[in-house]
Structure formats: C-alpha cells, structure tokens
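1. Fold the following, please.
(chains A and B)
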Amino acid sequence: MKIADKNTKAVELVRDALDKAKKFEAYHCFISMNEARALERAREIDKKIAKGEPVGRLAGVPFALKDNYLSRDGNTTAAARMLEDFAAPITATAVKRLEAEGAIVIGRTNLDAFAHGGSTENSYFGVTHNSADMERVSGGSSGGSAVAVALGIVPFALGSDTGGSIRQPASFNGVYGVKPTYGAVSRYGVVAMASSTDTMGCFATTAEDADLIMKIMAGKDEKDSTTLDDYWTKDLDEITPKKKKIGLITDFMGEGVDKEVVSIVKDYAKKLEKVGFEIEEVKLPIAKYALAIYYIVQPAEVASNLSRYDGIRYGHRAAEFDDLAGLYNNTRDEGFMTENKRRIMIGNFVLSSGFYDAYYLKAQKARTLLINGYNELLEKYDALLCPVAPNPAFKIGENTSDPLKMYLEDVMTVPTSLTGMPSVSVPAGKTKAGLPVGVQLIGQRRDDQLLLSIAKTVEEQA
Amino acid sequence: MSITKEDVQHLAKLSSISISEEQIEPLMKDLDSIVNYFSQLDELDTDGVEPTYQCFEMQNVWRDDEIEEFEANREDLLALTVESEDNQIKVPKVL
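-> This next block holds a predicted model:
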C-alpha cells in the first residue's frame, strides 16, 4: 500500500484512484464519487508533509466506503430508494478513525439494498460485475468494495459482514476480506441490519494491510456499547500460534460443494503444513443447522431495525397516501426492495405470537449449541479451515428467482456470524476458468490477529 | 403450504407495508419455502438449553446522563425531513 510522503504526493495517489475508477466504470463498483472533497483533502495532506507536520499512518491513502457507512460527505443510500436522498448528518466512527490517520474516501460502493443479499444484484442502482468475469456476480452484499480492491482502484475498502457480506465477495474476487470478532469495530454510523451479528471490516490485498486498517478502526467506542476493549494491538510478526494445529471442517467439503473449491482448500491445507501446522480433519455436525438458525434470527432483527423507516423523520416519503398509516405503508412499499420486504415479513412471522417459541426461541437455543460446537474445536486448534462459499462466483441472474437458493450461498459464512468469532477470507487460487476462490480461517473471539498472522506466513513462505 | 394468502396479508400489515395483489402470490411462495426450510431445526434436541440472544460479553453499560456535544445540530436534522415548521416535523393528521 502506497502512503504519501516527501516523494509520493497524496494528490497523485488520489488522482490515480479516481482515474482508475473512471476506467473501470463498466463494473459499476461505485454509487457515488467524492472527487472534489478527496482532492481537497489530499492537497491538505501534501501541505502538511511539505511543512514536516505529522500526517498519520495512512497519509493520502485513497479508499472506498460501502454505501451503508454514514459520513457527512455526500449521500448514504444503502443502495435503497428509501435512502436515495439521505445526506447523513454524522460520520461513522470507523470512517473518522481512518480519516484521522490521513486516509481519504474517494467514493461510495454498491451493495445489496440494506446489505440484504449475497450478490449485489439486489441494489436499487443496478448490479456490480465480478472483477474476473463481467457476466458473473461480484458477490455480496459488499460487492462494490470487493471489486474496487480487486481491480486495484483502491488499496483497501470498507465492508460490513452480518452473515458473510465481506467474506464471500472477497472470495469471489480474490482479495482479503476480514470479518472481525463481534464488537471489535464500532458500528456507530453504519446502517443497522441484524444487531447481534453486524460487524465492520475491510477488503485489502495483503494480510499486513488488512491488519493495519483493522488496527486503526478497532477499539472501544462510547457510541457503541457492544465494542470490546482494545485488543488489536500487536504486530503480526509478534504472534506465535500456541498449538500449531488447524482443524479442517469436513462438513463443508462434501456434497454440494464445487470440486475445484474443495481442491483449492486442500491445497491451502498443504501450504499450512509446509509452514509447520498440523492439519486434522474435524467434524462439526451442528454447523449444517446454522443457516436455518441465521435465517430466523437475522430477519427478526432486520424487522426491528428497519421499522425506523417510516417516511417521517428522514428518508423516502410516498407522495400519495390517505392517512398516517397509508403514509407508512406506501412509503415502505416504495422504499424497500422485494428482498427487504421478504426479510421484514419473515422476521415478523418468527416473532409473532404463536410462532415465537417454535421458531425464534428454538433458533436462539440452537445458536447456543452452535457456539458450544465451535468452542470445543477451538480448544484444540489455533484455527479452523473451510471454504468461504460452496462455489465460485455464479452468473448474474442465476439465483435471483429463488431466494432460498441465494440464502444457501451463506451456508459456510453464517455460523461464525452467529458465534461472534473472527473469520478471514484469504485469496487462495483460481478455478480453471480463471475465477478466484478464497479459503476461510476461523478463530476464537479476539484471535483476529492470529488468523491474519497465519495467512501472512502462508502468503510469504508457502 | 404452511403460508397462506391471508398470512401474507397479515404479515404485510404487521410490517406496515402496502402490498399490491400481484406481490402476494410470489411472496407466498417464497415465504413458504423459507419457513419450510426452518423445520430442520426440529431434529435438534434443545431441551434445557439456554438461548443466546447476543454474543458480546457485557450486560448493562451505563454512563452519566450528561449533555454532550453532537456533530449534527437541529437544522441538520430537520433538513432530513420532507416537511417541517417552527422546528417541528410535520406529519398528517393522526386523530
């Protein structure tokens, strides 16, 4: 990652990123650009450098924001008509911390509306294309950010991961994607989706870069009471795995998983052996239930979080209505995409009287069993290894007619969203057709840096 | 079918979303297949298991009730609404 100094001008770094964004416009990574303001910030940084003043660890580094991060620069749309004209009055804590270190937002990237989806096809502003194949999806919901990093437009970009929304697009585009421990990074100023699994992370091209970005964003924030104390403080080289053992989750290596994906994960396991890890195959029978648990818990939280969009205080308001109820109902019909409506309705279904015990409570009990299953394994292993998704990037339009088929994309990422554990998507290879495939490293809570240090060792030595 | 047309209309009402006649049928089909997928959880014995509603390590987080600086002011916030008058947001008649 290039950082501005006496020889490298921040203005050049930012202009280069803006030029590349134009060159790759056909991929549709961005919803809006922040050109004038970005160049102005870059000039300020160059002036400071010339005067010998401190400029921060990310001086002049351009980056992209998933368009669900609020900032006072431009509109935050969440890729939904509901927020099309929403000029946020506040800036997210994560963005403030990066800007304080000199990083510069050049634009806002595309996503599935309200981050509901796994392909970025569900955006009000149109689809984002895969960086390796225009006919395929970028993955999602943080598709625009993943593609912007994969194409080299920016060295890093922010995403949010509630059930796989950073990890899966990272895998589909061959970049690092970090979903941290729940509570590692403040969610303040990010459009809420499912509050018990929402995490804020990043895309980058090396483990070292990803670590630096996360280190800057992580830590206690009074504005998000779920944030953990600062633990993201080490250098990756200082970290030594204690057990030197990694478990390969076989439940995600069998039926229904693309053969090329399986072989890329096995090749990565061999690389881990090469750098001194013992690999053991492990079974985690509870893991297959995670998807059903997630698609009960998450819509329930979505239904609650999205009840704030009422057309009154901010966001879209329907032009035609008869009374107050009509204003709410018509606004929400017009402002939400079909997938948003499905999730809100499923959420209200599992929470409604008569169904609460059978679905919502049952799922939260099953979630405890899932957490126990992962905890038991992580007592024996430094980390767990498995694919990120059952397949490489699929064709645009392939899964849009069947929402359940789209949900099945999340089967390997949702478990650690429910357990709150860190999981990193590490670029690991390509299929014969040239499609990138990542592997997933999973660790105990607060072991985020251990995962990145393992990935770094493989990156540099295997 | 475990989800009926009436269920969809009821859920739309609970969700404060007007849905047109042509949205009902596809929603019914989709919601039905999703809800049927949940039934696999019946295989799990969860008797006596405590539910997990959140997996962060805290319970209550308290702070003093003090007025702090906020980056947005009243004008910023009122500018977000469609209609306001005398520092108040205008809504249609409720009663």
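2. what sits against the residue nearest to A:G189 when sequence neighbours are not counted?
-> Take A:G189 and drop its neighbours on the chain: the residue closest to it by Cβ to Cβ, 6 or more residues apart in numbering or on different chains is A:A92, 2.9 Å away. All C-beta atoms are positioned from the backbone trio N, CA, C, and that covers glycine. Shown in contact with A:A92 (Cβ atoms under 8 Å, 6 or more residues apart in numbering or on different chains): A:Y69, A:L70, A:S71, A:S186, A:Y188, A:G189, A:V190.
3. what's the answer for A:L377, then?
-> A:G247, A:V282, A:L284, A:L384.
4. gap between it and A:A92?
-> For A:L377, the distance to A:A92 (Cβ to Cβ, to the nearest Å) stands at 34 Å.
5. now A:L324
-> Counting by Cβ to Cβ, the gap between A:L324 and A:A92 amounts to 32 Å.
6. Over to A:I454?
-> 29 Å.
7. Check A:E409 too.
-> Taken as Cβ to Cβ, the spacing of A:E409 relative to A:A92 amounts to 27 Å.
8. Show me what counts as buried in the helix or strand harbouring A:L377.
-> Applying DSSP states H and E as the criterion places A:L377 in helix A:362-380. Using 16 or more other Cβ atoms under 10 Å in any protein chain shown as the burial criterion, the residues of helix A:362-380 that qualify are A:362-371, A:373-374, A:377-378.
9. will you turn those residues into TSV that also has pLDDT and distance to A:M134?
-> As requested, the buried residues of helix A:362-380 are arranged in TSV below (pLDDT from 0 to 100; distance: Cβ to Cβ, whole Å):
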residue	pLDDT	distance to A:M134
A:K362	97	43
A:A363	97	38
A:Q364	96	42
A:K365	97	45
A:A366	98	40
A:R367	97	39
A:T368	97	44
A:L369	97	43
A:L370	97	38
A:I371	97	40
A:G373	97	40
A:Y374	98	38
A:L377	98	40
A:L378	98	40
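10. coming back round to it: chain center to the helix holding A:L377: distance?
-> Centroid separation between helix A:362-380 and its chain, computed with Cα atoms, centre = their mean, to the nearest Å, is 23 Å.
11. helix/strand/coil for A:G177?
-> strand (DSSP: H, G, I helix; E, B strand; the rest coil).
12. Quick check: beta-bridge partners of it?
-> Per DSSP bridges, residues listed as beta-bridge partners of A:G177: A:F203, A:S425.
13. in chain B, what spans have low per-residue confidence?
-> Within chain B, the set of residues satisfying pLDDT under 70 comprises B:1.
14. Please apply the same query to the stretch 151-300 of chain A.
-> Low-confidence regions of the stretch 151-300 of chain A, defined by pLDDT under 70, are absent; no residue qualifies.
15. which residues touch the residue nearest to the spatial centre of chain A?
-> Closest to where the C-alpha atoms of chain A average out (Cα atoms, centre = their mean) is A:I166, at 2.4 Å. Shown in contact with A:I166 (Cβ under 8 Å, 6+ apart): A:S142, A:A146, A:G159, A:S160, A:G177, A:V178, A:K179, A:G201, A:C202, A:F203, A:S425.
16. same check, this time on A:G159
-> A:G159 neighbours (Cβ under 8 Å, 6+ apart): A:K66, A:S142, A:S145, A:A146, A:S165, A:I166, A:P169, A:G177, A:M200, A:G201, A:C202, A:F203.
17. my read is it is in a strand, agree?
-> Yes - per three-state DSSP, A:G159 lies within a strand segment.
18. can you list the residues of the stretch 101-250 of chain A near chain B?
-> Counting by Cβ under 8 Å from any Cβ of the partner chain, the residues of the stretch 101-250 of chain A lying close to chain B are A:Y182, A:G183, A:S196, A:E222, A:S225, A:T226, A:L228.
19. Helices of chain B, residue ranges please.
-> Using DSSP state H, the helices of chain B run over B:5-14, B:21-38, B:74-78.
20. Throw those helices into JSON lines and include mean neighbour count and distance to A:G118, thanks.
-> Below are the helices of chain B laid out as JSON lines (neighbours: other Cβ atoms under 10 Å in any protein chain shown; distance: least, Cβ to Cβ, whole Å):
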{"stretch": "helix B:5-14", "mean neighbour count": "17", "distance to A:G118": "23"}
{"stretch": "helix B:21-38", "mean neighbour count": "16", "distance to A:G118": "15"}
{"stretch": "helix B:74-78", "mean neighbour count": "14", "distance to A:G118": "34"}
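21. Please name whichever of those is nearest to A:H116.
-> When those are ranked by proximity to A:H116, the top entry is helix B:21-38, at 13.1 Å, counting by Cβ to Cβ.
22. Taking helix A:362-380 as reference, get the angle to the closest one.
-> Using axes from the mean of the first three to the mean of the last three Cα atoms, to 10 degrees, one finds that helix B:21-38 and helix A:362-380 are set 50 degrees apart in direction.
23. which other helices and strands contact helix B:21-38?
-> In this structure, helix B:21-38 makes packing contacts with helix A:290-305, helix A:338-351, helix A:403-408, helix B:5-14, judged by 3 or more Cβ pairs under 8 Å, 6 or more residues apart in numbering or on different chains; DSSP states H and E.
24. Compare those and report which one is nearest to A:E460.
-> Using Cβ to Cβ as the measure, helix A:290-305 is the one of the helices and strands packed on helix B:21-38 that comes nearest A:E460, at 32.6 Å.
25. Which one of the residues of the stretch 101-250 of chain A next to chain B is nearest to A:I264?
-> Top of the list for closeness to A:I264, among these and by Cβ to Cβ, is A:Y182 at 27.8 Å.
26. quick one, phi/psi of that closest one?
-> Comment: the main-chain dihedrals of A:Y182 come out as phi -60, psi 130, following degrees, to the nearest 10.
27. on that earlier part again, mind giving me CSV with the helices of chain B and columns for distance to A:G107?
-> As requested, these are exported to CSV (distance: least, Cβ to Cβ, whole Å):
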stretch, distance to A:G107
helix B:5-14, 36
helix B:21-38, 33
helix B:74-78, 23
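28. A:R37 is nearest to which of these?
-> Each of those was scored for nearness to A:R37 using Cβ to Cβ, and the closest is helix B:74-78 (17.4 Å).
29. wait, does that closest one contact chain A?
-> Yes - Helix B:74-78 comes into contact with chain A (Cβ under 8 Å from any Cβ), by way of B:D76, B:L77.
30. quick revisit: and the contacts of A:I166, which two are furthest apart?
-> The largest distance within the contacts of A:I166, taken as Cβ to Cβ, falls between A:S160 and A:S425 and amounts to 14.1 Å.
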